[in-house]
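Q: need a structure here:
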Amino acid sequence: MIQVITAYRIPIKLWLDDIDPQALEQAKHLAELPCTVDHIAIMPDSHVGYGMPIGGVMATVDTVIPNAVGVDIGCGVCAVQTSLHSLDAASLKKIMARIRQTVPLGFKHHDRPQAASLMPVLDESLMKVISNEFSRARRQLGTLGGGNHFIEIQHGNDGFIWIMIHSGSRNLGHKVATFHNKRAIRINEQSGQQVPKSWQLAGLPVDSREGLEYLAEMEFCVAFALANRRLMMQRVQEAIVEETGRAEFGELINKSHNFAAWEQHGGRQVMIHRKGATRAFKGEPGVIPGSQGTASYIVRGRGNPESFCSCSHGAGRKLGRKQAIRALDLKKEQQQLEKMGVIHALRRKNDLDEAPGAYKDIDQVMALQADLVEIEVRLQPLAVLKG
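A: Numbers count the residues shown, from 1 in each chain. Okay, the predicted model is just below:
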């Protein structure tokens, strides 16, 4: 931990010393919420979000806050070690071309619904939004999405080739989050609760019908996001086998970083909200990606109670998307990636929002959270697909 702020209702514990002023203001709002308990934890990759800063972790006992989970519910990263020790550039390009044929990128969906057996179990009595979106979601299953989502082939300092995928619950999670946040705003206004609307932190009582419905739909989205990553991982593995004819694959490491869940902390059960933060219980395996031009890490959690057993979900942005497009030089960013030998996804100026220069130094972020995780494998990017 780098610093503690004690000027508010509960303390704010930070694992960085250069937090963006807007993100810090959002952290102060969390500390002043009537429903938060113990303290607020801010991870070293933190930056401003909607309502709650990305890289924020908080605990409640009787309330769940949709905007403290976010719109991409269940978004996360998975990684798999392969049996391969190397892949040349020609093979990598063929593999990436095969992946493009089977995994829709950006806003694209499958032309046909994927098998219903791949979907999580639907409870229509609690999942009104998902019931309406279920058929459309089947066409979104196994698709990457845009923004900072990626498929990356990497080489580890353990000597093996790895696959890493970052994606979430697609439009399904957005629909669920938007519906329940609007409902929370309406309920808060009707009850006269003293949470300013401008904070964007309206909550739902966890034991209310509305709270139970949100939690059920949120959990479905978390499961859907995992199913989405699993299907993409399967198709990436198939592409590698088709090209190499000899690959085997280890167990999937999967880490969600946008969710809320009941956990035991400080001797009591609390609802932990993680928004752009990864669970890191003692000994628990984890994945922390960098950018498409920097290292990523396989880690194990240290179970630090000060962070509610959490760590960063990545490097974190240092430039907003529009700011990065304005400020960064496309040719320089491309040259940096090409010098490293990375088959990258920077094609045009608008891609600069995902350039390495838009992100914090991942090694600095890892150093700041040495008390939260221990590093097991350092992964260097070889080839990247973005939405």
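Q: I figured residue 133 hits residue 175, correct?
A: Yes: counting by CB atoms under 8 Å, residue 175 is a contact partner of residue 133 at 5.5 Å. Every residue, glycine included, has its C-beta placed from N, CA and C.
Q: report the contact partners of residue 244.
A: By CB atoms under 8 Å, 6 or more residues apart in numbering, residue 244 lies in contact with 84, 87, 91.
Q: may I see these organised as CSV, with secondary structure, neighbour count and distance to residue 189 added?
A: Listed next are the contacts of residue 244 as CSV, based on DSSP: H, G, I helix; E, B strand; the rest coil; neighbours: other CB atoms under 10 Å; distance: CB to CB, whole Å:
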residue, secondary structure, neighbour count, distance to residue 189
84, coil, 19, 56
87, coil, 21, 56
91, helix, 16, 58
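Q: for the host helix or strand of residue 38, packing partners?
A: Using DSSP states H and E, residue 38 maps to strand 36-47. The contact analysis (3 or more CB pairs under 8 Å, 6 or more residues apart in numbering; DSSP states H and E) places strand 36-47 against strand 12-14, helix 21-32, strand 54-60, strand 310-312, helix 362-368.
Q: tell me which strands the first one pairs with, and in which orientation.
A: What it means is strand 12-14. The pairing partners recorded for strand 12-14 under DSSP bridges are strand 3-5 (antiparallel), strand 36-47 (parallel).
Q: can you lay out those as a markdown table showing mean pLDDT?
A: Shown next, in a markdown table, are the strands paired with strand 12-14 (pLDDT from 0 to 100):
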| stretch | mean pLDDT |
| --- | --- |
| strand 3-5 | 97 |
| strand 36-47 | 98 |
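Q: among these, which is nearest residue 345?
A: For these, proximity to residue 345 was assessed by CB to CB; strand 36-47 is nearest, at 20.5 Å.
Q: in this protein, where's the longest strand?
A: When the chain is parsed with DSSP state E, its longest strand is strand 373-386.
Q: mind listing what's buried in it?
A: Of all the residues in strand 373-386, those buried under the rule 16 or more other CB atoms under 10 Å are 373, 377, 378, 379, 380, 381, 382, 383, 384, 385, 386.
Q: the fourth one bridge partners, please.
A: Read that as residue 379. residue 156, residue 296.
Q: surely it and residue 297 touch.
A: Yes: Residue 379 is within contact range of residue 297, at 6.8 Å (criterion: CB under 8 Å).
Q: and stretch 290-299, how far out from the chain middle?
A: Distance of stretch 290-299 from its chain centroid, counting by CA atoms, centre = their mean, to the nearest Å, is 14 Å.
Q: now do the end-to-end distance for that stretch.
A: Across stretch 290-299, the terminal residues are separated by 13 Å (CA to CA, to the nearest Å).
Q: let me know the average pLDDT across that stretch.
A: Averaging pLDDT along stretch 290-299 yields 95.
Q: please renumber so the chain begins at 5
A: Got it, the first residue is 5 from now on, which makes the last one we talked about stretch 294-303.
Q: circling back to that earlier point, can you add distance to residue 115 and pLDDT and give the contacts of residue 248 back as a markdown table?
A: Output for the contacts of residue 248, formatted as a markdown table (distance: CB to CB, whole Å; pLDDT from 0 to 100):
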| residue | distance to residue 115 | pLDDT |
| --- | --- | --- |
| 88 | 32 | 98 |
| 91 | 30 | 97 |
| 95 | 28 | 97 |
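Q: need those residues in TSV with distance to residue 362, can you?
A: Formatted as TSV, the contacts of residue 248 follow (distance: CB to CB, whole Å):
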residue	distance to residue 362
88	30
91	27
95	29
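Q: kindly format the C-alpha coordinates of the strand holding residue 42 as CSV.
A: The C-alpha trace of strand 40-51 is given here as CSV (Å, rounded to 0.1, in the frame of the first residue of the first chain):
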residue,chain,number,x,y,z
THR,A,40,-19.9,1.2,2.3
VAL,A,41,-18.0,-0.4,5.2
ASP,A,42,-14.4,-1.0,6.4
HIS,A,43,-12.5,1.0,3.7
ILE,A,44,-12.1,1.6,0.0
ALA,A,45,-9.2,0.0,-1.9
ILE,A,46,-7.8,1.6,-5.1
MET,A,47,-5.5,-0.5,-7.3
PRO,A,48,-2.4,0.8,-9.0
ASP,A,49,-4.0,0.7,-12.5
SER,A,50,-6.8,3.0,-11.4
HIS,A,51,-8.3,5.6,-13.6
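Q: measure how buried the nearest residue to residue 227 once chain neighbours are set aside is and give me the count.
A: Using CB to CB, 6 or more residues apart in numbering and skipping the chain neighbours, the partner closest in space to residue 227 is residue 124 (3.8 Å). Counted with other CB atoms under 10 Å, the neighbours of residue 124 add up to 17.
Q: ditto for residue 14
A: Neighbours around residue 14, by other CB under 10 Å: 17.
Q: give me the distance between it and residue 63.
A: For residue 14, the distance to residue 63 equals 9 Å [CB to CB, to the nearest Å].
Q: overlap in contacts, the two.
A: With CB under 8 Å, 6+ apart as the test, residue 14 and residue 63 both reach 40, 41, 42.
Q: I'd say the first one and residue 34 touch.
A: Yes: assessed by CB under 8 Å, residue 40 is found in contact with residue 34 at 5.9 Å.
Q: any residues in contact with both of those two?
A: Joint contacts of residue 40 and residue 34 (CB under 8 Å, 6+ apart) are residue 62.
Q: pull the distance from the longest helix along the chain to the chain's centre.
A: In the chain, assigned by DSSP state H, the helix with the most residues is helix 213-248. For helix 213-248, the distance from its own C-alpha centre to the chain's C-alpha centre is 13 Å (CA atoms, centre = their mean).
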